[in-house]
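> With the input below, show me the fold.
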Amino acid sequence: MSHSRRLIILTGPTAVGKGTVEAALRAKHPEIWVSVSATTRAPRPGEENGKDYIFLSNDSFNQMKEAGDFLETAVVHGMAQYGTPLQPVLDHLTNDALPPVLEIDLQGARRVKKHAAELGLEILSIFLAPPSFDDLISRLSERGTESEEQKKARLQTARTELAAQDEFDCVIVNQTVDSAADELWDAIASGIETI
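Numbers count the residues shown, from 1 in each chain. Take a look at the predicted model:
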């Protein structure tokens, strides 16, 4: 199997630092391509459309979903829809660069893994975990972008996600951003060597 038929899935609970770790990884390894997810949630301060997420209305998201334009979709935290646009991933798979990285939630990861064989893909699944649940609570509070109700929903989802980490090929504990980014690169690089 060529490198171009492998996908890297990165999953982890809310506020674990997936985006921050990915940014550190790309700073060290700019050749890494990370899929930009679409979402119906509102942008957080500083987020850019097309860079951090593709921000869509519910109607636009549902039209894309009905047209088969997503690799996977999920309603996350019971609040907003998220999905991985299919065409950019297919475009990236046609070249023989490093495997694309999908940062997706647990539901999305399960869907992609379930359909991997029919898509002709090999999956390396990586779970980014916090040092402790208390650390996750602190990070979510420090972020300050969610209401109390949203925090409660996100932490409930996080408990479910943390309980599923054994489903993944590799678990990386985000003690520090740099060490987690280095471990993520090591996992990607060692996965490539086994192809």
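> C-alpha from now on. contacts and neighbour counts both.
Will do.
> in stretch 131-147, what counts as buried?
136-137, 139-140 (16 or more other Cα atoms under 10 Å).
> which residues are contacting it?
Stretch 131-147 is touched from outside by 14-16, 44, 130, 151, 155, 173-175, with contacts defined as Cα atoms under 8 Å, 6 or more residues apart in numbering.
> and which of those is nearest Glu72?
Thr14 (18.7 Å; Cα to Cα).
> Make sure the closest one is actually in contact with Arg154.
Yes. Shown here, Thr14 and Arg154 form a contact pair, counting by Cα atoms under 8 Å, at 6.3 Å.
> Which strand residues bridge the nearest residue to Ser37 once chain neighbours are set aside?
When the adjacent residues along the chain are set aside, Ser37 lies closest to Thr84, with 4.9 Å between them (Cα to Cα, 6 or more residues apart in numbering). For Thr84, the beta-bridge partners are Glu72 (DSSP bridges).
> OK, contacts around Thr84?
The contact partners of Thr84, by Cα under 8 Å, 6+ apart, come to 35-38, 70-73, 102, 104.
> Can I get the buried residues of stretch 131-147 in a markdown table including secondary structure?
A markdown table is the format used below for those (DSSP: H, G, I helix; E, B strand; the rest coil):
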| residue | secondary structure |
| --- | --- |
| Leu136 | helix |
| Ile137 | helix |
| Arg139 | helix |
| Leu140 | helix |
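> Redo these as TSV? Include distance to Tyr53 and pLDDT.
Shown next, in TSV, are the buried residues of stretch 131-147 (distance: Cα to Cα, whole Å; pLDDT from 0 to 100):
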residue	distance to Tyr53	pLDDT
Leu136	22	86
Ile137	23	83
Arg139	20	82
Leu140	19	79
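> which residues in the chain form strands?
Using DSSP state E, the strands of the chain run over 6-11, 38-39, 54-55, 70-76, 80-85, 101-103, 122-129, 170-173.
> Out of those, which gets nearest to Pro30?
The nearest among those, by Cα to Cα, is strand 101-103 at 12.6 Å.
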